[in-house]
Each structure stands twice: as C-alpha cells, then as structure tokens.
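J.: I would like to see how this sequence folds:
(4 chains)
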2 protein chains.
Amino acid sequence: MSLDKRKILILKAIISSYIDNAEAVGSRTISKKYELGVSPATIRNEMSDLEEMGFLVQPHTSSGRIPTDKAYRYFVDDLWKNADKSRNPNVEAIRKIIDEEASELDSIFNNSVRILSQITRYTSFIVAPHLKKTKIKRIQLVSITENKIMLIIVMESNIVRQVVINLRSPIPEEQLHKISVSLSERISGHKIEDVNLNLKEKLIKELYNIKESSEYSLIELVPFLMNQIGKMEDIDVYSDGITNILGLPEYNDLEKAKEFISFAENKDSIVKLFQNAGQNDLDISIGNENPYDELKDCSLITATYKFNGKIVGKIGVVGPTRMDYEKVISTVKSISEIMNEIIDRNFTDGI
Amino acid sequence: MSLDKRKILILKAIISSYIDNAEAVGSRTISKKYELGVSPATIRNEMSDLEEMGFLVQPHTSSGRIPTDKAYRYFVDDLWKNADKSRNPNVEAIRKIIDEEASELDSIFNNSVRILSQITRYTSFIVAPHLKKTKIKRIQLVSITENKIMLIIVMESNIVRQVVINLRSPIPEEQLHKISVSLSERISGHKIEDVNLNLKEKLIKELYNIKESSEYSLIELVPFLMNQIGKMEDIDVYSDGITNILGLPEYNDLEKAKEFISFAENKDSIVKLFQNAGQNDLDISIGNENPYDELKDCSLITATYKFNGKIVGKIGVVGPTRMDYEKVISTVKSISEIMNEIIDRNFTDGI
DNA sequence: TGTTAGCACTCTCTTCCATTGAGTGCTAAT
DNA sequence: ATTAGCACTCAATGGAAGAGAGTGCTAACA
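T.: Residues are numbered from 1 along each chain as shown, chains lettered A, B, ... in the order given. Modelled structure (predicted):
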C-alpha cells in the first residue's frame, strides 16, 4: 500500500481539521469541508488504509480519526521540502520591538520570549548562554555611594553582568580604582568556572602581597568579590506563556495541566530538554519523540542563536502536537534570526 | 441573640474544619472532632443562630454550613486582640536567605516574594517603589567596551538602576567622564518624572552650549541618555506562586482559575489592588471587602515596607478566604519586618 | 476496478430517574 | 436547656434509555 496523492490530500485535510478543532475527524466532515470530489465512503476506505499505515488512530471504534505523531512528522517533513520562503509579515514589527531595547541581553531575551509566546499562543522558552564557560574580558569596580560599589564583569562575548556590593566601610575612590585594575589584569582571560576552581585562592594570595593593597582591608573585600564572580548564574531560562496551556482542550484535565506547569516552571528540566534538542538551525520533536513523559502530547520547536558564530543558546516553543506547525515554525525561525542579527550587531567584537 | 462563649467556640471549630477540608461542616462533625461536650442537636441549634447572625451560610437546605466573610472577619479581629507574640520559628532562616543577596533591591524582592509564596503556598506579590517620585542622587557613565557604556542612576534612597547603552562610535574615556560629571551635576536633586516633563529639553540646550561637549556628537548621546532615564520603570511588581491556586478546590473550575491567573499576571490590576489596600503595618481584606470581583472568594493580606521611614512599597499574599489566617498573617508580618530591617540597613543614608 | 449508496452496527454522550446519604429542623421527652 | 428521634431535603452517584456521529461491509454502478 502506498501513500498516493489522494491519501496525502486526505491526510492533510484530517490534520488541518484536527488542528483547528481538536476533535476526531469523520469521513463526512472531510468530504464536505475539503473539496476532494469523492464521497465519504471512498474517504472511509482511504482512512482505513491510512490507519493501517500508522498515520491515523481511532480513539474508539465508532469515532472519527486522529492523526498520529507519524502523521505530523510526515506533514512537517513535507513542509520542510516545500518550505515557503515568504517571510513572516510581522518580521519588521518584531525586529523593531526587540531592537528598541537591545543593548542588554536580558531585554533581548525577555522581549523575544514574550513576543514568541504572544504570537504562537503557546509556551515559549529561551535557554541562555553558559556564562561559566566563556572568558572574562575585564572587570571593573565603580563607586556608587559611600558604602556601595558596583562590580561590573564584561565577558568575551561582550555580555555584561553587574552586581552592587555593600561595604562595611568606605574605600577611597583612588584605591578602589587600583584594586579594580589589578583584579581586572589578573582575572581577564579566565573563565568564571576557573575562578571557582583554583584561581580564587591564587589571586587572593597574590593580591595580598602587593604593597598598596594593605592600606585597605582587602582581606575582606577580595575574597568577597571573588565569590560574587563565582556565583554569576550559569544558565538562565526565560519563559513566557506557561499558563496559555490552560486554554487548550487537551489540558482540560486539571491534573494534566498542573503536571505540565510544574514541568515548565522547573528550570532544570527545561535546560535538559533544550540541551537534548539537537543543534540545527531548527529542530522539531513531535510527541513521543520527546524524552519527557510530560511532553508526550506536545511538540517542541527549537532554534539556536549564536555569538561570534558559536552556538550558545536556544529559543523554542512547546505546544500540543496538534499545533499549526507552519505558523509556529515560521515564527520561531523569524524570531531566532532577528535575535541572531541583533546579538551579532550588538555583542560581537569587530575584527 | 448574643455571641456567647459556646457560640464562639462552635464558630471557631467550624472555621477551622472548613479551612482544613473546604467542605461544608455538619453538626455531627463538630461534635465528634471538637470536644465541646454537647450533642449534635445542640450544635445544630447554635449553628442555626449563627446563621441568623450572619456568620454562617448553607449552600443548600440539607448541607452543612460554611463560614461567611463576616465570620472570618470576626475570627481575624479576635486573632488580633489575642495576637500571639511568639515569633515565627523560621524567622532566622528566612532572614539569612534574604540577607545573603541583600545589596540589590531586586534580589531582596525576588527572594522575599518567593519565600512568602513557598511558606504560605498561596500567591504572593511585592509592589515596589515609585521610582519616578524619588529624587536622583547622582548619575554616572562608565565605559564598558569600545561601543558600550553603562548608565548608572543612584536614587536618593540609594536604589541603583543601571542600563547598558550601545554607542554608534566610541567616546574617549576622558570625555565620557566630563559628560558624566556635568550631566550628574545638573540632574541630581530632580525626579525622574521631572526629566520627562521639562528637564530634558532644558538640559539638552544647556549642555549644547558647553565648549567641550561639541567635541563629540552630544547631539546624539545626551537626548538618548535622557530618554533612558525617563524610561526607568515606575512601579515594579514581583510575583510568585500564581499557579498555586490550581491546587485549591475552590479553583477546580478551570474558567475560574484562568480568570484568577490573568488577574494576577496583570501588573496594572495588582498595582491598583495594592494601592487600595490601606497603609497600615498590616492590612487584611476578606472576600467581598476586596474591590475586585475576581477576588470575591479571596483574602488579601498586605504589609508595608519603608525607606527612611517613608512608605514606599507593599508585600502581600492572596489566598482563598478559607485560609489559615494565623499562619499567613504571621508569615507576612515576619517577612515584611525582615525586609524593612534589611532595606534599612542597606539602603538608608547614615545621619 | 474503483466508487458510492445504503444499512446495520458500535460506542460515546447526554438526559433522566431512582437511590443513597449526609445533614437539617422540629417535636417531644429528659 | 439539652437531646433523641424522625421526617424531610437536596446534592451526588449510578445506571438505563435514547440520540447522534461515525464506521465497516455489501451490493450496485460506471
């Protein structure tokens, strides 16, 4: 039995109808709504074949049929081949919004993930860079008030992290500057994880031996600074629209909804999910292709974004397997491209 | 008819049972579980009286009874009088966690709201200061990379806000410093809202007339900086545990749950809710005492926190009217006290 | 040989009762 | 004033019956 043209048309019609209504599709519906020029009986025969081939299932003997993961997979792979190159019409509007607050990664991520979930109406995530694995370019100490200084860390990728630190007693501006310079000299080029491993002790010792350090109680400050640096968060997860699933018929069951929500709110599981998700420009995993039981009725569409051509993070959408793949794929693609472009422009070192 | 001792005991027993089980309480239950030494029949008579007095209602003729808002109000006011002065046993642990990352308000708020919702298992909020109404102490421009500078704003209350800004072309360190100093001189003492109103134009004009400005294209930079300052967020809302309500029997109805969630996720409504909530150390509004329909089955417990003795923000919990008031009140109280203390220590100007 | 009308059959879903059980209010006895 | 007893009420539970959507099969048709 082969997947001839008519079978494909019928399959697509069923998928399309099921995506719209979340209800098992019968032969009459197909013959009425989609003009195939054949009677329900013929369609029934074809549907029976499609079921045998594993593209459809019947929830019970006398109901219509539902597409399987295999059907979605076929449909998506087909989309792929005949990919519509027409750009998402919203692209320019989206770019403008993200670009407006593009000087901090945090804003780029927040805006991107929000827009993504607003357009798709599903749950969106961004899993952000492994800061601990990138090198520190320089650090800087800036006096804020008498008892507060700001520690600014600039990473190789021009990502900036800062933290305000309370001092027990003021440090003269001049001396702060000296500490800042010597600390920066010694720490730049190293990774945050190195600081945690062995650099910390080494640096503390070195700095103690410098004449001018002794003026101020570096004994307190430097180890504290090193701890702050070491604590910089490793992987950030941004999410939006988690509660959107409450609107989906497949999550009418409160228990199921709660299960999904607690999965989505758990950063660790999301990080793992996205790390497993393949490293292509765009990856799609459908239903049981997902490694997590909580997502067996969901599809995950992820894209990567890069710094300096190196893969560092992922953006993605989780929705029901019954999702409008064409729209979601095009949205994820567009937004990831916009992110890539904006990050490139704002965070990549010139040559 | 008066609220004699036995009626009070029975009322408390009913409230307590209803808080535990969320099910209408019958006379037999009370007589069995709470040793009052009287028969169900007697309790029935008393319950009938309590209903007449407005403390109880029957969902239908042949069911047990449920406490009304008035009953909770009585119960809470009574708690008040006989307030247990014993401190929450967790106080020290909580303080430690919040204190660990106390040099930035953002962390204090995030940690506090998280702990509050974790302990109470309800939804918690913090509505943070009106930044636009406080004066700017100083601003500072710090060079980050060739094309990035950081704009740091220190408010009168020692709150620090910073934003990274991308430049079209580099500015020499020296000149950046000059701009920073003149901008800071001119802007300190003013409020953010003043910047938006008229200060912006005035300052731009003034700075154009300074000799050294002309070296660099201040024409671009200064207006941009002013916009950044003017854009600093007005009121921040922190929330946690919104989806906790999915576990409550009163929100078994998905529609009701969705309504609550979209209310809780809407910053505007939360800001209004908290602004209406009274300015005492602790305020409680129960059920229909709340101005919002979405909260007619909820109680709101809020506390204030202060900077320099001035009220600036609120922390609070929203849960079902059927909540363990004693525990929630004590938790909100403790956490607000801890916040006050930590903020005082870290953000108040010395004398 | 593929298509289709017709029909019996299947299974869910809704509606409608009857039954159950928790709880009340009232009355009469203590 | 309290309580045992009892009739009564009403939500909740659990079939049973009927409706409706959809199927598979058969036989006729092009």
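
J.: With adjacent residues omitted, what lies nearest to A:L295?
T.: Distances taken as Cβ to Cβ, 6 or more residues apart in numbering or on different chains place A:V318 nearest to A:L295, at 6.8 Å, with adjacent residues excluded. For glycine as for every other residue, the C-beta is placed from the backbone atoms N, C-alpha and C.

J.: Is the one you found in a helix, a strand, or coil?
T.: strand (DSSP: H, G, I helix; E, B strand; the rest coil).

J.: can I see the domain layout of chain A?
T.: What automatic domain parsing lists as the domains of chain A is A:5-67, A:91-129+A:235-347, A:132-231.

J.: Least reliable of those by average pLDDT, please.
T.: Among the domains of chain A, domain A:132-231 has the lowest mean pLDDT, at a mean of 82.

J.: how far does that domain stretch from start to finish?
T.: 10 Å (Cα to Cα, to the nearest Å).

J.: cool, stretch A:306-325 as well?
T.: 24 Å.

J.: So which bits of it are buried?
T.: A:306-307, A:312-325 (16 or more other Cβ atoms under 10 Å in any protein chain shown).

J.: Please identify the helix or strand for A:L225.
T.: Using DSSP states H and E, A:L225 sits within helix A:218-231.

J.: buried sites along that helix?
T.: Those would be A:L218, A:L221, A:V222, A:F224, A:L225, A:M226, A:Q228, A:I229, A:G230, for helix A:218-231 by 16+ other Cβ under 10 Å.

J.: Dump those residues into a markdown table; add distance to chain B as well.
T.: Putting the buried residues of helix A:218-231 into a markdown table (distance: Cβ to the nearest Cβ, whole Å) gives the following:
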| residue | distance to chain B |
| --- | --- |
| A:L218 | 19 |
| A:L221 | 13 |
| A:V222 | 16 |
| A:F224 | 10 |
| A:L225 | 12 |
| A:M226 | 16 |
| A:Q228 | 9 |
| A:I229 | 14 |
| A:G230 | 14 |
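
J.: just those residues now: which is nearest A:S17?
T.: A:G230 (55.1 Å; Cβ to Cβ).

J.: ok, and the closest non-adjacent residue to that closest one?
T.: Sequence neighbours aside, A:N196 is the residue nearest to A:G230 in space, at 4.3 Å (criterion: Cβ to Cβ, 6+ apart).

J.: Same check on A:L9?
T.: Distance criterion Cβ to Cβ, 6+ apart; nearest residue to A:L9, sequence neighbours excluded, is A:L36 at 6.2 Å.

J.: which ones are touching that neighbour?
T.: By Cβ atoms under 8 Å, 6 or more residues apart in numbering or on different chains, the contact set of A:L36 is A:R6, A:L9, A:I10, A:A13, A:I30, A:I43.

J.: The third one reaches A:I43, doesn't it?
T.: Same thing as A:I10. Yes. The criterion here is Cβ atoms under 8 Å, and A:I10 meets it with A:I43 at 6.0 Å.

J.: Now the common contact residues for the two.
T.: If you check A:I10 and A:I43 against Cβ under 8 Å, 6+ apart, the residues they both contact are A:I30, A:L36.

J.: picking up where we left off before, report the buried members of the contacts of A:L36.
T.: Buried members of the contacts of A:L36, counted by 16+ other Cβ under 10 Å: A:I10, A:A13, A:I30, A:I43.

J.: which phi and psi does the second one have?
T.: What that stands for is A:A13. phi -60, psi -40 (degrees, to the nearest 10).

J.: distance of A:H190 from DNA strand C?
T.: 61 Å (Cβ to the nearest atom of the strand, to the nearest Å).

J.: Contacts only, for A:P223.
T.: A:K200, A:I204.

J.: how about stretch A:267-286: buried residues?
T.: A:S269, A:I270, A:V271, A:L273, A:F274, A:A277, A:D283, A:I284, A:S285, A:I286.

J.: Determine which two of the residues you listed are furthest apart.
T.: A:V271 and A:I286 (21.0 Å).

J.: still on that earlier bit, if we only consider the buried residues of stretch A:306-325, which is nearest to DNA strand D?
T.: Nearest to DNA strand D out of the buried residues of stretch A:306-325 is A:R322 (Cβ to the nearest atom of the strand; 16.1 Å).

J.: Relative to A:L282, how far out is the closest one?
T.: 20 Å (Cβ to Cβ, to the nearest Å).

J.: excluding its backbone neighbours, what's nearest the one residue in the stretch 101-250 of chain A that gets nearest to DNA strand C?
T.: Across the stretch 101-250 of chain A, the shortest distance to DNA strand C (Cβ to the nearest atom of the strand) belongs to A:P249, at 11.5 Å. Using Cβ to Cβ, 6+ apart and skipping the chain neighbours, the partner closest in space to A:P249 is A:A22 (4.5 Å).
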